[in-house]
Every structure is written in C-alpha cells, then in structure tokens.
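J.: mind folding the following:
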Amino acid sequence: MKSQYIYGLALLSAAAAGATAWQAGSQQAQEGGAVRVPLAMQAGSAPAAGPSVQTLDVVATDYQAVAKTFLTKVHNAFIKTSATPNSDVMMYANVLNYQAGSDSYAKGSDVAYLWTEDNMVRALYWGARLDSATYKPLLLTAVDQLDWYWNPNCAGSAPGATPGGYGVRHGQPCYYDDNALLGGNMLNVYLDVSLTQSVSDNAFQALNYVDNNQNSHNGVSQKPGDPDWSSAFYMSPVTRVGAAYARWSARFPNKPIAPTRLTWATDMFNQVNLTSMDLLAPSGLFRGGATCTTAGQPFVCDSGNSGVLAGNSTGVAALALAIHKNNPSETAKLAYAQTLMNTVLAHSAWFPSGGGIKQNAPTGGYATIDLLCQIYLQDGNVAWYNAAKGLVDFLITSNKDRYGWYANGVPGDGDTGETDDDPSAVAGTWAEVRTGATRPADDKTRLITQAAAAAALAEFAYIDRVKNGG
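T.: Numbering: from 1, shown residues only. Next up, the predicted model:
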C-alpha cells in the first residue's frame, strides 16, 4: 500500500505530536531558532568544496554508453510480458524478486505504482534526449500506459473541484504529490520530445489536479480525505507545479495564460520563503511542509521543527531556476538557486567521505544530480558539472551490485538513508559500496530506484555531451 513507500511519511492529523505527511525529515534532526532566508550569492559562483564535489578517478567513461545500456536493462527487466486488465499496452512490474535457486531476479506480479511510473517516464525522457530513435518509442508507450492510471472519478479536497486525476493504480485513489511529479515530467516530454496535444493534456490533467485543490493558504495535503487538508502545506506538490508552470511560460511567453502561470509560480516561490511559513530551517535548508493556523493571509504556519531533506531544498531551487528562465537578464533567482545548491552540498551528513549521496534515491539523490546539471546548463560553470560527475562516477564504479542493480534506498523498505543521526549508516543508499562477488543479493530490486538511477545517468550523459560539443 502507498503508506509503505511514500517517502517515509506518516499521515497523522495536525494535532498529532509526530510527523505529518510533509514532515519528511527525521524528528531527531530537529533545528530550533529563528527561520532565516538564505543570502543570495553572486550569480555564476562555484559550488562549495567538500565531499559532494569529489570526482572519482574514472578514466574515459563513455557516459552515453553507460546510460543507454542501463536504461535498456531496466526496461527489459521490468516490462511485463503478459497483458494487464484494462490496459491496451504492456505495463511495468513494480519490483523484481530474488530467486535463490537460480541466483537471479524475476518480475513481480504487481504493476508499478504511479510514483514508480513517474520515475520511469523521467528516465525514458532523458533517454529520448540522448537517443531519440531508440527511446522515444518506449517513452511514448509509457505515455500510453498512463491511461491505465487515469481515474476520472478521483474527487478532490477543495469544494467544487472538478474530479479526475491519476490514481495510485487503476481505479485507486489519487495523490497530489504523485500527480505533481507526473505533471512536471510530462510537461518536459511535451516541451522537448513530443509537442502534441495529447501529451500536453496528460501534463495539465495532472498539474490541474493539484492546482484546483489548494486550500485557503495555497497548500495541499497528500491526498483527498486527509483530515488535515484545510491546514496542511505539503511543499513538494506545489513547488513542482510552480516549476512546471514557469517552464511552460518561458517556452510560450506570448500565450495569453503565460503571465498567469508565471505569477502562480512566482507567488509560490515568494510564499515558501516567508518567515511566517516556518519552512526554512536555521541551516538554510527547507523542511517539507507546515501546519497553518490561519485561513488565508497573513500566513501563520508551524513546521513542528521537523528535519530537512535534500529533495525539499532542491525543489525550491528548481522553482527559482525555472522562474529565472523567463527573464535570464535578471539574475536574482539564478543566484538564489546557486546559493541553495551550495547549502545542500555543504550538508556533510548527506555526503559521506567515501563518496555518493546518503538520501532517498528518487527524491534526494536524483534531485541533487538533476539540479547540478540544470544549473550548469544555465551558467556554464564547470564546477557544477564536476559535482554531478562525482556523484555519477560513484554510482558507476561503486554502487552497482554484481547483478547490475543500484541501491534500493526508498522509505518503507528499511533503507531510507534520510536521517543525520548516524552519518556512517549508508546501507541501501547511493553512498554504499556494493561491489564484490560475495555481497548478498537484495531480496527485491525496485523499479522506482532503478529508474531514478537510469534518469540520473542519462541526464548527466546528456549534459556531458553538451559540455563536449555534442
């Protein structure tokens, strides 16, 4: 069920003492004191030196070949060979199960959850950017798979909101964070790979499901029916929608609705940075959300002093970068994204001295590599490229096991890699050394993390090609 995996977040009421859906950080990793907005750095500044920017000695790596080989392996291993009821196309399996007798993996029977499918769409999108002839057909088949998840009867939380969203699986409930991630990924497919009305419809059906169900302080909870919906401000769905709107408006600035969408994104950026939202910890990193005690403005919210995760901060930085692309001559948002990226890199508990990143693989590991790549594309500073390269090189040289799979660090399977209380605990994360013939096999290999790794490899390979004039 969803609660086993959804980023380790317990769905408790606002009155509960523990974490709510947005409180993604460890409750042991609390930070007190006054919230402060990070100071902007000079645009074009390099990332701070530290373990995260370590570049391993990888000689003459053909990143495109590595990325394409692994993405093809993921697709072939997880695509089901038997029909799924209510689907006209073959679907992806959610996991591979280890078979001790044959010392190999076999497809599980369950179809991928939507948040897993989201990650596979993103991996195939970057594959199509690298090699359109090979991966665009697979990507468009994955787009067709989304019909299986569409649930026209998904009710929203806001009174009068039009029903309809993408469900966890066929006929199942819809989650706001899943739809926001899917909408952003599908918008990228629309803008860069397949400029068709059907793909645009997929993107905006998902984005609108979040947009249309905001409460009086512009927030959402995790899903309809949550008792804390009216007071919740779960940050990742709204920052993802904002970034998608800003990317769209940068591409189509003359469309009548472009100013409205850009204003939506800018307003959300400004709101999450308000001191009264209580989202920014003294470290300069973002928490995942807050409970708001006022209906509308002025926003007065309480984060419960929850911990911070890399994915929270990279999401806000990505929103700033998307807004910047609408007005490249104005560098404040670029400087903000650079500053926040540096703050993430300086958080040493996430970047062990041995290399890699000790965060949730799809929402922290991939998100960090993605933001490094995107800032490099924007300002051309090779230091960001080198920081991403260090993380990717660790994946290639140290994190893959003898079966060719990466670590399964996803909340719910016991390997979260998300707390700061034990910086040496890297098991199951993208900071674990998993090489060697004697290492025990993982019981399961999950599509969500393998797709996240495939996306990280393919995106970096694309950036590497751009850097080298390809």
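J.: what about residue 301, distance to residue 316?
T.: 15 Å (C-beta to C-beta, to the nearest Å). All C-beta spots, glycine's among them, are computed from the backbone N, C-alpha and C.
J.: out of those two, which sits in the busier spot?
T.: Set side by side, residue 301 and residue 316 show more neighbours around residue 316, with 26 against 22, by other C-beta atoms under 10 Å.
J.: next up, the contacts around the more buried one.
T.: 235, 239, 269, 272, 273, 286, 340 (C-beta atoms under 8 Å, 6 or more residues apart in numbering).
J.: among those residues, which ones are in helices?
T.: 235, 239, 269, 272, 340 (DSSP state H).
J.: farthest-separated two in those residues?
T.: 235 and 340 (13.6 Å; C-beta to C-beta).
J.: closest one of the ones in helices among the contacts of residue 316 to residue 185?
T.: residue 239 (14.5 Å).
J.: that closest one: neighbour count?
T.: Using other C-beta under 10 Å, residue 239 has 25 other residues around it.
J.: how close does it get to residue 61?
T.: 33 Å.
J.: now swap in residue 327 and tell me
T.: From residue 327 to residue 61 the distance is 36 Å (C-beta to C-beta).
J.: swap in residue 435?
T.: In terms of C-beta to C-beta, residue 435 sits 16 Å off from residue 61.
J.: so the two - more neighbours on which side?
T.: residue 61 (16 against 12).
J.: what sits against the more buried one?
T.: Counting by C-beta under 8 Å, 6+ apart, residue 61 makes contact with 393, 396.
J.: tell me how many other residues surround the closest residue to residue 456 other than its chain neighbours.
T.: Among residues not flanking residue 456 along the chain, residue 369 sits closest, at 4.6 Å (C-beta to C-beta, 6 or more residues apart in numbering). Using other C-beta under 10 Å, residue 369 is surrounded by 28 other residues.
J.: quick check: residue 369 touching residue 458?
T.: No - in this structure, residue 369 is not within contact of residue 458 by C-beta atoms under 8 Å, at 10.7 Å.
J.: which stretches of the stretch 151-300 of the chain form strands?
T.: 165-166, 232-234, 289-292 (DSSP state E, counting those that start in this stretch).
J.: quick check: neighbours of the longest one in the sheet, parallel or antiparallel?
T.: Sheet partners assigned to strand 289-292 using DSSP bridges are listed as strand 232-234 (antiparallel), strand 301-302 (antiparallel).
J.: pLDDT on the longest one, on average?
T.: This predicted structure assigns strand 232-234 an average pLDDT of 95.
J.: for the residue positioned nearest the centre of the chain, helix, strand, or coil?
T.: By C-alpha atoms, centre = their mean, the mean C-alpha position of the chain lies nearest to residue 363, the distance being 3.9 Å. Under DSSP: H, G, I helix; E, B strand; the rest coil, residue 363 falls in the helix class.
J.: the closest residue to it other than its chain neighbours: how many residues sit nearby?
T.: Nearest residue to residue 363, sequence neighbours excluded (C-beta to C-beta, 6+ apart): residue 311, at 3.8 Å. By other C-beta under 10 Å, 25 other residues sit near residue 311.
J.: put together CSV for the strands paired with strand 289-292, with distance to residue 206 on each row.
T.: Below are the strands paired with strand 289-292 laid out as CSV (distance: least, C-beta to C-beta, whole Å):
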stretch, distance to residue 206
strand 232-234, 16
strand 301-302, 26
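J.: deepest of these, which one?
T.: strand 232-234 (a mean of 27; mean count of other C-beta atoms under 10 Å).
J.: can you list contacts of that one?
T.: Against strand 232-234 from outside (C-beta under 8 Å, 6+ apart): 14, 20-22, 176-177, 215, 217-222, 226, 277, 279, 288-292, 301.
J.: residue at max distance from the center of this protein?
T.: residue 101 (35.9 Å).
J.: need the pLDDT of it.
T.: Per-residue confidence (pLDDT) for residue 101: 95.
J.: helix, strand, or coil at residue 402?
T.: coil.
J.: now do the contacts for it.
T.: Shown in contact with residue 402 (C-beta under 8 Å, 6+ apart): 435, 436, 437, 439.
J.: and the residue nearest to the third one when sequence neighbours are not counted, what's its pLDDT?
T.: It refers to residue 437. Among residues not flanking residue 437 along the chain, residue 402 sits closest, at 5.8 Å (C-beta to C-beta, 6+ apart). What the model reports as pLDDT for residue 402 is 94.
J.: residue 402 and residue 252, how far apart?
T.: In this view, residue 402 and residue 252 are 48 Å apart by C-beta to C-beta.
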